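1. below are the sequence and a predicted model; questions follow.
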Amino acid sequence: MLDHTDKQILAELKQNGRISMKELGLKIHMTGQATANRVSKLEEEGIIKQYTVLLDDPKVGYPVHTFINIYTKDFDHRPYLSFIASQSSHVIANYKISGEGCYMLECKFASNEHLDDFLVALNRFVNYKLSMVINKSG
């Protein structure tokens with residue numbers, strides 16, 4: 001179970017994963033060493049899985065952001081999953097879901113033409129319903 005201090009650490013790290021342990025400690029009212037020990041414990045327990053960089057996709061050449069509801073055609077999902085694994089330059093996340101559809105695919109593309117090529121290839125394995133992101137708030 002996470003205590004209040006662990007939750008504070010996680011909130012700060014979500015905002016800035018590159019924060020120094022000394023600075024993080026000042027924000028949560030602990031010494032840098034005590035903070036580093038708490039962070040190490042969270043890493044060892046698998047609560048902190050990885051540190052990553054959040055890119056501005058349009059600025060790095062991917063202005064088209066989509067969510068695609070996936071409806072499988074067969075009981076065997078392996079061909080679809082193999083296809084998705086081969087599309088790592090476009091796929092942000094592939095969520096297995098309940099409700100409408102079998103998977104929710106989040107993707108990015110350099111252009112609508114690239115999106116169209118992807119959808120043509122995707123349709124060999126599954127049916128889909130496409131939603132495009134207009135604006136991201138928050």
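-> All right, it came through fine.

2. what's the residue sitting furthest away from the middle of the chain sitting at in phi/psi?
-> Distance from the C-alpha centroid of the chain, by C-alpha atoms, centre = their mean, peaks at T31 (31.7 Å). Main-chain dihedrals, T31, degrees, to the nearest 10: phi -70, psi 160.

3. check contacts around the nearest residue to it once chain neighbours are set aside.
-> Of all residues not flanking T31 in the chain, G25 sits nearest, at 5.4 Å (C-beta to C-beta, 6 or more residues apart in numbering). (Glycine included, C-beta is placed from N, CA and C.) By C-beta atoms under 8 Å, 6 or more residues apart in numbering, G25 lies in contact with 31-35.

4. in ChimeraX, select just the buried ones from these.
-> Selecting only the buried entries of the contacts of G25 in ChimeraX, with 16 or more other C-beta atoms under 10 Å as the criterion:
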select :35
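
5. one step back: mind checking the SS state of the residue nearest to T31?
-> helix (DSSP: H, G, I helix; E, B strand; the rest coil).

6. buried residues, the helix or strand D116 falls within. List them.
-> Taking DSSP states H and E as the criterion, D116 maps to helix 112-122. For helix 112-122, the neighbour count (16+ other C-beta under 10 Å) marks 114-115, 118, 122 as buried.

7. can you redo those residues as a markdown table with pLDDT and distance to T52?
-> Shown next, in a markdown table, are those (pLDDT from 0 to 100; distance: C-beta to C-beta, whole Å):
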| residue | pLDDT | distance to T52 |
| --- | --- | --- |
| H114 | 98 | 24 |
| L115 | 98 | 24 |
| F118 | 98 | 24 |
| L122 | 98 | 26 |
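
8. list the contacts of the nearest residue to Y103 once chain neighbours are set aside.
-> Excluding the flanking residues, the one nearest Y103 by C-beta to C-beta, 6+ apart is I70, at 3.9 Å. By C-beta under 8 Å, 6+ apart, I70 lies in contact with 80, 101-105, 126-128.
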